[in-house]
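Asks: Below is the sequence, then the predicted model.
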Amino acid sequence: MDRVERLLRFGYLPSQLPPPFTTSDLAMHHLRVLAAWDGVPPARRAKVPTSPPTKAEVFSVARAGHQRRATSIPNPVAQAYLCRALVANWAAIVRHFRRSKISASHPRFRRDSTRAAALPSMQTLYERRLLQGAGYRYVLRTDISRFFPTIYTHSIPWALHGKAISKKNRAITPKYYGNLLDLVVRQCQDGQTFGLPIGPDTSHIIAECIATAIDVELGKRLRATPAGFRYVDDYYFFFESYSAAESALAQIVRCLKDFELQINFDKTRICKIEELDEDAWTHKLRSFAIAHGGQKQRTGFNHYFDLARELARSHRDESVMVYALRRAGSVIVRKENWPAFEAQLCLAAMAHPVALQTIARLLSTYSGIGYAIDKRRLSRLVNAIVQEHAPLEHHSEVTWCLWMCKELRLTLSPQSVDLVAEMNSSICVLILLDLAAAGRLPKLPAPTRWRNFEHSDALWEDLWMLSYEAGVRGWGGMSDVHIRQNEYFEELRQLDVRFYNDAATLMPLFAPKPDALKKHNAQTVAELLEIDDLDDVFEHEDDEDVYGSPIVDEDDEGL
């Protein structure tokens, strides 16, 4: 699998989407479609073929507290050209990354990662802070304010070639490939020069290019490599005196200003090393022991969730409940304790909608092994959440409620159907149309609104996915005439490229080991659940601290 295919297959869509949304078909056919698109006017008349200007869809994601993160779903034509441009210059980009002596976030193409461009795990950062801070008295903790949304795209060539040189050499040439990256990024966002799309791995690569240039300039200003490191846009530097930390902070501010960026003063702190306790709440949750069965397990879970709610109240800007649920997922709930555990999930879902993705996976996993879920209670829950969040265009909350309706066969109310149908979201509407096609809705949504997307120009607008997918599937009363009229998307249609797989399901959090049934002389998974030592029977997905984990700093717009 080449790097362009990896970026399109594993590094395109935001990680907060449910499983039916896929770019695997596009990745598989990328060589053919790019070759065909290169021959479409005006691309074939350009010195360097690129995409027409496009708009990305905004997918609003819940964050801790009442904050939001605006992730992006770029147009596939523009995103494919961006991936190709990055990979074509990957060797030069890697050489640029190596200039930084303090970066702990160089993206890497790794086959064992769930994303295309992997970053080191968050757990390694805790150890790095411990090791590099040892022997120093003070720590400077700061980050870049709204890093991805405020990046100036013209600063991409500044970072790669130098600001003065780039301003004199604006042509797109192999030597000045930064100008090409500037162009293809702008074509992903309707020509805008401010911001990078949040979600695609391509943005992590470009952001690291800019951050690396800042690292280099900071080293020059400080006349030394500071003790410590940078992870994406987070800085941890260690000093022997408070004044030295203050001087370094002043230089960081100046370096960022050169790239039209600013530090986040709310997150900036100079303190004694022992006072930096950012991970204290994770240690409390990690160290809480839960029994593996019986009444002790049920009591343990109740106390554990009490602790999680208390920590969430005192750390409102952190994804405490998400982390708590993922830790709870590492313990297999006994069948007799499932009703109480499910009730805890309902409480968490209503109070912490940022945790809905994790909750959906827990419910799907236990439903898949035969536990009886309370469909009446869960249907009441998802309808309440949809009716609260759909009018506000809170996409992630509505998306995961709709997905639970599909995978767990919950009932969506007529009022909820109407509210979702009015949303400006391909993601929400496509799941709704999928439920309608399967006969799973109490009423069919009125198709009149979606006829607005049944024309060729809509394929370049923000709801391109709804225009394409509903068109090729005939959902919502739409046809594919407008797709056949668009030379770029007609190529995708002819190759049967889809961005929605209606047969997809969530991967379970745990599954029986390959030899478990035979080893324990069992016929079904339900029989395995009666065994005392379940750790000997089941294997868990180990993803607690991987890249993309919800425990990442909530102000890091890039993750």
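Replies: Yep, it's here. Residues are numbered from 1 along each chain as shown.

Asks: CA only for contacts and neighbour counts going forward, please
Replies: Noted.

Asks: ok, and residue 230, which helix or strand is that part of?
Replies: strand 227-231 (DSSP states H and E).

Asks: Next, the buried residues of that strand.
Replies: Along strand 227-231, these residues count as buried under the neighbour rule (16 or more other C-alpha atoms under 10 Å): 228-231.

Asks: which other helices and strands contact it?
Replies: Judged by 3 or more C-alpha pairs under 8 Å, 6 or more residues apart in numbering; DSSP states H and E, strand 227-231 is in contact with helix 122-133, strand 234-239.

Asks: who touches it?
Replies: Residues outside strand 227-231 that contact it (C-alpha atoms under 8 Å, 6 or more residues apart in numbering) are 102-105, 129, 132-133, 235-239.

Asks: Of these - the most surrounded one?
Replies: Counting neighbours by other C-alpha atoms under 10 Å, residue 238 comes out on top of the contacts of strand 227-231 with 27 neighbours.

Asks: these two touch, right, it and residue 140?
Replies: Yes: in terms of C-alpha atoms under 8 Å, residue 238 counts as a neighbour of residue 140; the distance is 6.3 Å.

Asks: Mutual contacts of these two, please.
Replies: By the contact definition C-alpha under 8 Å, 6+ apart, residue 238 and residue 140 are jointly contacted by residue 245.

Asks: rewinding a little: just the C-alphas of the strand holding residue 230, formatted as CSV.
Replies: Coordinates of each C-alpha in strand 227-231 appear next as CSV, following Å, rounded to 0.1, in the frame of the first residue of the first chain:
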residue,chain,number,x,y,z
ALA,A,227,15.6,21.1,27.9
GLY,A,228,12.1,19.7,27.1
PHE,A,229,10.0,19.0,24.1
ARG,A,230,7.0,20.1,21.9
TYR,A,231,4.1,17.7,21.1
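
Asks: List the contacts of residue 481.
Replies: Taking C-alpha under 8 Å, 6+ apart as the contact definition, residue 481 lies against 455, 471.

Asks: from the middle of its chain, how far away would stretch 176-191 be?
Replies: Stretch 176-191 sits 22 Å away from the centroid of its parent chain (C-alpha atoms, centre = their mean, to the nearest Å).

Asks: Dump it to PDB, keeping only the CA atoms.
Replies: Taking Å, rounded to 0.1, in the frame of the first residue of the first chain, the C-alpha atoms of stretch 176-191 are listed here in PDB:
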ATOM      1  CA  TYR A 176       9.700  25.400  -3.900                       C
ATOM      2  CA  TYR A 177       7.200  22.700  -3.300                       C
ATOM      3  CA  GLY A 178       5.800  24.600  -0.300                       C
ATOM      4  CA  ASN A 179       3.900  26.800  -2.800                       C
ATOM      5  CA  LEU A 180       2.200  23.700  -4.200                       C
ATOM      6  CA  LEU A 181       1.200  22.700  -0.600                       C
ATOM      7  CA  ASP A 182      -0.100  26.200   0.000                       C
ATOM      8  CA  LEU A 183      -2.300  25.900  -3.100                       C
ATOM      9  CA  VAL A 184      -3.700  22.400  -2.600                       C
ATOM     10  CA  VAL A 185      -4.600  23.200   1.000                       C
ATOM     11  CA  ARG A 186      -6.500  26.300  -0.100                       C
ATOM     12  CA  GLN A 187      -8.400  24.300  -2.600                       C
ATOM     13  CA  CYS A 188      -9.700  22.100   0.200                       C
ATOM     14  CA  GLN A 189     -11.300  25.100   1.800                       C
ATOM     15  CA  ASP A 190     -12.700  27.300  -0.900                       C
ATOM     16  CA  GLY A 191      -9.500  29.300  -1.400                       C
END
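
Asks: Just the buried positions in that stretch, please.
Replies: 176-191.

Asks: Where does the prediction get shaky in this protein?
Replies: Residue ranges of the chain with pLDDT under 70: 45, 542-559.

Asks: quick one, strands of it?
Replies: For the chain, applying DSSP state E gives strands covering 57-62, 68-73, 108-109, 117-118, 138-143, 227-231, 234-239, 269-272, 510-512, 538-540.

Asks: Farthest-apart pair in the buried residues of stretch 176-191, please.
Replies: The largest separation in the buried residues of stretch 176-191, counting by C-alpha to C-alpha, is between 176 and 190 at 22.7 Å.

Asks: Not counting its neighbours along the chain, what's nearest residue 184?
Replies: Distances taken as C-alpha to C-alpha, 6 or more residues apart in numbering place residue 82 nearest to residue 184, at 5.4 Å, with adjacent residues excluded.

Asks: What is the burial count for the one you found?
Replies: Around residue 82 there are 27 residues (other C-alpha under 10 Å).

Asks: okay but it is in contact with residue 182, surely?
Replies: No: the criterion here is C-alpha under 8 Å, and residue 82 misses it with residue 182 at 9.6 Å.

Asks: I'd say residue 256 and residue 216 touch.
Replies: No: the pair residue 256 / residue 216 is not scored as a contact, 11.7 Å apart, by C-alpha under 8 Å.

Asks: More neighbours: those two, which one.
Replies: Applying other C-alpha under 10 Å to residue 256 and residue 216 shows that residue 256 carries more neighbours, namely 20 against 17.

Asks: could you list every residue that touches the more buried one?
Replies: Each residue near residue 256 by C-alpha under 8 Å, 6+ apart is listed here: 214, 262-263.

Asks: What is the nearest of these to residue 337?
Replies: Closest approach between the contacts of residue 256 and residue 337, by C-alpha to C-alpha: residue 263, at 47.6 Å.

Asks: Is the closest one bridged to anything, and to what?
Replies: Assessed by DSSP bridges, residue 263 has beta-bridge partners residue 144.

Asks: hang on, isn't it packed against residue 253?
Replies: Yes: the pair residue 263 / residue 253 is scored as a contact, 6.5 Å apart, by C-alpha under 8 Å.

Asks: of these two, who's got more company?
Replies: Legend: neighbour count by other C-alpha under 10 Å for residue 263 and residue 253, higher for residue 263 (21 against 16).

Asks: give the contact list for that one.
Replies: Residues in contact with residue 263, defined by C-alpha under 8 Å, 6+ apart, are 142-145, 253, 256.

Asks: Repeat that for residue 7.
Replies: 83, 116-117, 201-202.

Asks: hmm, try it at 6 Å
Replies: Going by C-alpha atoms under 6 Å, 6 or more residues apart in numbering, residue 7 touches residue 116.

Asks: so how many other residues sit close to residue 136?
Replies: As a measure of burial, residue 136 has 15 neighbours, counting by other C-alpha under 10 Å.

Asks: As TSV, the contacts of residue 263 with distance to residue 37 would be great.
Replies: Listed next are the contacts of residue 263 as TSV, based on distance: C-alpha to C-alpha, whole Å:
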residue	distance to residue 37
142	44
143	40
144	37
145	37
253	43
256	38
